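Novice: Provided below are the primary sequence and the corresponding predicted coordinates.
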Amino acid sequence: MITTTTLDNGVRIVSQNIAYMHTVTTGIWVANGTRHEERQHNGVAHFIEHMLFKGTARRTAHQITREMDSMGGLLNAFTGHEYVCYYAKVLAKFLPRALDLLADLFLYATFPADEIERERNVILQEINMRDDSPDEFIHDQFHQNFWQGQSLGMPILGTGETISSLSRDAICGHKQSRYRPSDIVIAAAGTVDHQQLVSLLAPLFSALESSWSPEPVIITSPEQSRVNSVARDMEQTLLCLGVPSFHYGHQDRYVLFLLTTILGGGMSSRLFQEIREKRGLAYSVYSSLIGHSDTGALVIYAGTEKAHCRQVLEIIRHECYQLSSGEVSWDELDSAREQLKGNTLMSLESSDSLMTRLAKNEMYFHTQISIEDVIAGYDRVTSSDIFRVARTLFENDITHLETLGPVTDLGL
């Protein structure tokens, strides 16, 4: 059962009780991520995420980690382009202690100046580590360049320049203004009693307030094809080819999920079969979706030898064309449907996934979409729906290509 309570100041508390689970995962989400930053402060949302674990008025950084370890639990956080999440996973008997700890660091972090300087160096190393990881680097570059010049194109980690120049005042001021009550969702899933959850959290979060109001921003997708190549001494050349797609809550999202699965969503997908199984041109090849509140992209990734880049791209383009020029068979569609339904239902066995699902439903839909509705959404999709959406995505032939590795003639 899913229950939601909205405090007077707009903070939403949503929970799902799963009686057979031994754990509870609780996340405090703020619908304010990298895209809401000022450009000169790019990376501040992620910097704040780091700093909330560095001490409060009641606990030092060491005490925070030691207390969570004493519960045998997990305490972590992550930042996205549209949100930040702080979460704790513990055995159900430790939930009150975990909530006290999570609320303390979220509400009362002190941002010590010496810790800011240490964490500044840590984040600069994190940027270097991302750049040293080819897979992470090319996907980050794709996102930046696909929405280049726009707030959504700013990197989550920031840049060396912006991180080096962030002041304590800028960091603290960003948290104070951007952590608005109306943007905060507290989600919990597992063996949890909703009324207990509210009674523990409401006294702590009811006093939150913020007068910050964001300016409306219109995000646009590429209107013409682009290629961005980064030369690097590597054995392989990595490719990310993407097209403009739908926003997170689009009415055709179930069609899009199925289309992406058929194209490159698993070992039986068209791209995997054509590029890896039949020709041996790549070890890793897949398609995936980027979904934001107002825009999105369908992205195809492959890693191959320099000499095979043109051939791989030709196969990718051919398979996209095939989807937009003819209907898929019932067997292929039904196989993709069962794959997605199975993945969805298996995710229900994790309190982490359930918690994330609750929060994203609140942030993007402002209501809860039941699992039954999701399954019904997959079941409604027809072959003609796949054909219709594929034409929408591929018929204009507007693509963005990122390459990383040896320079090669792509014939574009």
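Specialist: That came through fine. Source: prediction; values computed, not measured.

Novice: Show me how this structure divides into domains.
Specialist: The record's domain parsing of the chain by automatic domain parsing lists 2-205, 226-405.

Novice: now those domains in a markdown table, with mean pLDDT and mean neighbour count?
Specialist: To be clear about C-beta, it is placed using only N, CA and C from the backbone, and glycine gets the same treatment. Below are these laid out as a markdown table (pLDDT from 0 to 100; neighbours: other Cβ atoms under 10 Å):
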| stretch | mean pLDDT | mean neighbour count |
| --- | --- | --- |
| domain 2-205 | 97 | 18 |
| domain 226-405 | 96 | 18 |
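
Novice: Of all these, which one is nearest V217?
Specialist: In terms of Cβ to Cβ, the element of the domains of the chain nearest to V217 is domain 2-205, at 6.0 Å.

Novice: Can you name the residues that contact V389?
Specialist: D252, V255, L256, L259 (Cβ atoms under 8 Å, 6 or more residues apart in numbering).

Novice: Could you say which helix or strand holds it?
Specialist: helix 383-394 (DSSP states H and E).

Novice: CA atoms of that helix as CSV?
Specialist: The C-alpha coordinates for helix 383-394 follow below in CSV (Å, rounded to 0.1, in the frame of the first residue of the first chain):
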residue,chain,number,x,y,z
SER,A,383,3.3,-3.0,-33.8
SER,A,384,1.8,0.0,-35.5
ASP,A,385,2.7,2.1,-32.4
ILE,A,386,6.3,1.1,-32.7
PHE,A,387,6.3,2.0,-36.4
ARG,A,388,4.6,5.4,-35.7
VAL,A,389,7.1,6.4,-32.9
ALA,A,390,10.1,5.1,-34.9
ARG,A,391,9.1,7.4,-37.8
THR,A,392,8.8,10.3,-35.4
LEU,A,393,12.3,9.6,-34.1
PHE,A,394,14.2,8.7,-37.2
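
Novice: gap between that helix and the chain center?
Specialist: 25 Å (Cα atoms, centre = their mean, to the nearest Å).

Novice: give me every residue that touches the nearest residue to A92 once chain neighbours are set aside.
Specialist: Spatial nearest neighbour of A92, chain neighbours left out: T191 (3.8 Å); criterion: Cβ to Cβ, 6 or more residues apart in numbering. Applying Cβ under 8 Å, 6+ apart, one finds that T191 lies in contact with N17, I18, A19, M21, H22, T23, V24, A92.

Novice: for T34, same thing?
Specialist: Here T34 is in contact with N42, G43, A45, H46, T79, G80, H81, E82, S151, M154, P155, I156 (Cβ under 8 Å, 6+ apart).

Novice: what's the spacing between the first one and R168?
Specialist: For N42, the distance to R168 under the criterion Cβ to Cβ, to the nearest Å works out to 17 Å.

Novice: what do you get for the third one?
Specialist: In this structure, A45 lies at 16 Å from R168, with Cβ to Cβ as the measure.

Novice: Equivalent analysis for the last one, please.
Specialist: Note on I156: its distance to R168, by Cβ to Cβ, is 21 Å.

Novice: Equivalent analysis for the fourth one, please.
Specialist: In this structure, H46 and R168 are 16 Å apart, going by Cβ to Cβ.

Novice: same question, E338
Specialist: Counting by Cβ to Cβ, the separation of E338 from R168 is 53 Å.

Novice: Then D132?
Specialist: 29 Å.

Novice: same check, this time on F146
Specialist: Applying Cβ to Cβ to F146 and R168 gives a distance of 33 Å.

Novice: close enough to count as contact, H308 and L281?
Specialist: Yes: assessed by Cβ atoms under 8 Å, H308 is found in contact with L281 at 4.9 Å.

Novice: Reformat the contacts of T34 into TSV and put secondary structure and distance to F205 next to each item.
Specialist: Output for the contacts of T34, formatted as TSV (DSSP: H, G, I helix; E, B strand; the rest coil; distance: Cβ to Cβ, whole Å):
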residue	secondary structure	distance to F205
N42	coil	28
G43	coil	26
A45	helix	20
H46	helix	23
T79	strand	20
G80	coil	22
H81	coil	25
E82	coil	21
S151	helix	28
M154	coil	29
P155	coil	30
I156	coil	26
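
Novice: so which of the residues you listed would you say is closest to M363?
Specialist: E82 (7.8 Å).

Novice: Which neighbouring residues are in contact with that closest one, exactly?
Specialist: Taking Cβ under 8 Å, 6+ apart as the test, what E82 contacts is A31, N32, G33, T34, R35, H292, S293, M363.

Novice: roughly how far apart are the fifth one and R253?
Specialist: This means R35. Counting by Cβ to Cβ - R35 and R253 are separated by 20 Å.

Novice: swap in the third one?
Specialist: When Cβ to Cβ is applied, the distance between G33 and R253 equals 20 Å.

Novice: cool, the second one as well?
Specialist: In this view, N32 and R253 are 23 Å apart by Cβ to Cβ.

Novice: Noted, bye for now.
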